[in-house]
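model this:
(chains A and B)
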Amino acid sequence: MSSSLTTEPSNELRRSPLHDLHRSLGASFTEFAGWWMPLRYRSEIEEHHAVRRAAGIFDLSHMGEVEVFGSRAGEALDRSVVGAPSRLDVGQARYTMICDDSAGVVDDLVIYRLSNERFLVVPNAANTSIVARVLNEQAGKAAVVEDTTSSWALIALQGPESSTIMNSVTSYPLNTLSYYSVVFARIAATNVLLARTGYTGEDGFEIYCRPSDARAIWMRIAERGTSLGLRPAGLACRDTLRLEAGMPLYGSELTRDVNPVDAGLGRLVVPDKPGGFVGDEALAVQQTDKSRRVLVGLTGQGRRSPRCGYRLFDVESAQEVGRITSGALSPTLGHPIAMAYVNRELSTPGTQLVADVRGEGQTVVVTRTPFYRRPPVPETSTAVDPGGQA
Amino acid sequence: MTFPADLKYTSDHEWVRIDQDIVTVGITSYAAELLGDVVYIEIPPPGTRVAKDSPCGEIESTKAVSDIFSPVDGVIVEVNELATTDPSIVNRDPYDQGWLYRATLESITSLLSPSQYAALTGDPA
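Numbers count the residues shown, from 1 in each chain, chains lettered A, B, ... in the order given. Sure, this is the predicted structure:
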């Protein structure tokens, strides 16, 4: 055992408004992007299975919130991100990305249109400041950009039982809330923003609420959900859930070294926007460059998974052809799954590669993502899964 | 967190039970909790020579890979196949069914008492 393990948090770390509740639930905590957040409550594998089979409740209060206001807020966002938020209807959400001038990914995020003149942008915790800065630069005097992260707590309810549980805590008619949409609703006598979004590959909800209301909302959901198999779920299982769902993680699959097309998310790019967007020229050039590596899914055998940073080799030439960005033993599938950037000619599903797993060569096979797809349920939306974010 | 009184501990978060010239080695409940769910354990087969304070295997959880260190100079005489086939036993029962391996004891590293080890983990003894 390594002796570098630690449980001592730095006092610099931010705590969620639900911190004391997590402690009372026996959570183990981890540092995540400057926050001290629940890693797991008991077993992360059991939490993972609970989300796949019933439901899990997550505290995601570390996620950033940046709001953009004004009659020209949509235009400002269109110049900032690769998509076209100005074309969203009120109540719609979209997964999108911000690039730098070289088309490198600055962050992946979800944008909700709350009204004609108000958008809620949800970046990754580590990128909130940079996202607010980019939006401010692009907004100029055309829109008001405000980092409202400290005004919001975020609770996610994810899993096949999540709509049943949500139905028991809100009077909002959930059959009218389709995937990737958002409404103002009431839960536990509080006002919330209720979104049908998530990062697990399951049906589910994300509840944006006042920090002071978070505990009452969590308790009400737990009270109604526990008999249906709901469990508190930490960031450890969130990572294996998103990986099974083939969703990229900022800092692993998404960095400034890759563009959205490299990451297999070219469909997010709206090229015909009148004002263009940051990185559009570089992206147009890079898209024709066939020497760029592309993101692929990989599956292995046994129980020993390739992990982030492990090297990949061509079977015949033994040349290094890429690096693993994420990897884990899939709790649902029972075998290793991973993602990696490889040369385009090696990206065809079925291609065999060799991963260097701590000195031992392990054969892995390029596989289409998602690795796991939830069974179809008639009453949920049939919208194509747009990916996700951390 | 309490640590069984009949065992000795190492600063590598392993426990050691000494029975004359044979040691039984496992990881502590503290280590198991920090690792999270253990999914893979690799220990070399009986007959393998191990060296004191050197890695002799690895233990892998959902999030991390750690070396297993040998507290002794000696030879592995038995590997717990229950732990290698169902690694979650290390989380569920680290001191009994979740032992990792047995080895002959020729020379042993410096060991900690339960209270010394508790202090190392930051718990008041």
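
can you map out the helices along the stretch 1-150 of chain A?
Using DSSP state H, counting those that start in this stretch, the helices of the stretch 1-150 of chain A run over residues A:19-24, A:44-53, A:73-80, A:128-139.

so which of these comes closest to chain B?
Between chain B and the helices of the stretch 1-150 of chain A, the shortest gap by Cβ to the nearest Cβ is with helix A:44-53, which sits at 4.5 Å. Where you see a C-beta, it was placed from the backbone N, CA and C, and this is true even at glycine.

redo the helices of the stretch 1-150 of chain A as CSV? Include mean pLDDT, distance to residue A:289 and mean neighbour count.
Below are the helices of the stretch 1-150 of chain A laid out as CSV (pLDDT from 0 to 100; distance: least, Cβ to Cβ, whole Å; neighbours: other Cβ atoms under 10 Å in any protein chain shown):
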stretch, mean pLDDT, distance to residue A:289, mean neighbour count
helix A:19-24, 98, 46, 15
helix A:44-53, 98, 38, 23
helix A:73-80, 97, 24, 24
helix A:128-139, 97, 25, 20
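
with distance to chain B added, can I get the ones you listed in CSV?
Compiled in CSV, the helices of the stretch 1-150 of chain A are given as follows (distance: least, Cβ to the nearest Cβ, whole Å):
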stretch, distance to chain B
helix A:19-24, 15
helix A:44-53, 4
helix A:73-80, 34
helix A:128-139, 24
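
now these in a markdown table, with distance to residue A:313?
Listed next are the helices of the stretch 1-150 of chain A as a markdown table, based on distance: least, Cβ to Cβ, whole Å:
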| stretch | distance to residue A:313 |
| --- | --- |
| helix A:19-24 | 42 |
| helix A:44-53 | 30 |
| helix A:73-80 | 39 |
| helix A:128-139 | 35 |
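
quick one: closest of those to residue A:59.
Ranking the helices of the stretch 1-150 of chain A by proximity to residue A:59 (Cβ to Cβ) places helix A:19-24 first, at 6.7 Å.

what's the neighbour count on the closest residue to residue A:74 other than its chain neighbours?
Leaving aside its chain neighbours, residue A:74 sits nearest to residue A:86 (3.0 Å; criterion: Cβ to Cβ, 6 or more residues apart in numbering or on different chains). Residues lying near residue A:86 (other Cβ atoms under 10 Å in any protein chain shown) number 19.

residue contacts, residue A:86?
Residue A:86 is in contact with A:74, A:75, A:77, A:78, counting by Cβ atoms under 8 Å, 6 or more residues apart in numbering or on different chains.

list the residues that contact the second one.
Neighbouring residues of residue A:75 by Cβ under 8 Å, 6+ apart: A:86, A:142, A:143, A:275.

scan those and report the most crowded one.
residue A:143 (21 neighbours).

where's that residue relative to residue A:272, distance?
Distance, residue A:143 to residue A:272, by Cβ to Cβ, to the nearest Å: 22 Å.

pick the one among the contacts of residue A:75 closest to residue A:331.
Closest approach between these and residue A:331, by Cβ to Cβ: residue A:86, at 40.2 Å.

quick check, residue A:103 in contact with residue A:277.
No: assessed by Cβ atoms under 8 Å, residue A:103 is found out of contact with residue A:277, at 10.0 Å.

spell out which parts of chain B neighbour chain A.
B:11-14, B:27-28, B:31, B:33-37, B:39-40, B:42, B:58-60, B:62-63, B:65-69, B:87-88, B:91, B:122 (Cβ under 8 Å from any Cβ of the partner chain).

which of those residues count as buried?
Buried members of those, counted by 16 or more other Cβ atoms under 10 Å in any protein chain shown: B:11-14, B:27-28, B:31, B:33-37, B:39-40, B:42, B:59-60, B:62-63, B:65-66, B:68-69, B:87-88, B:91.
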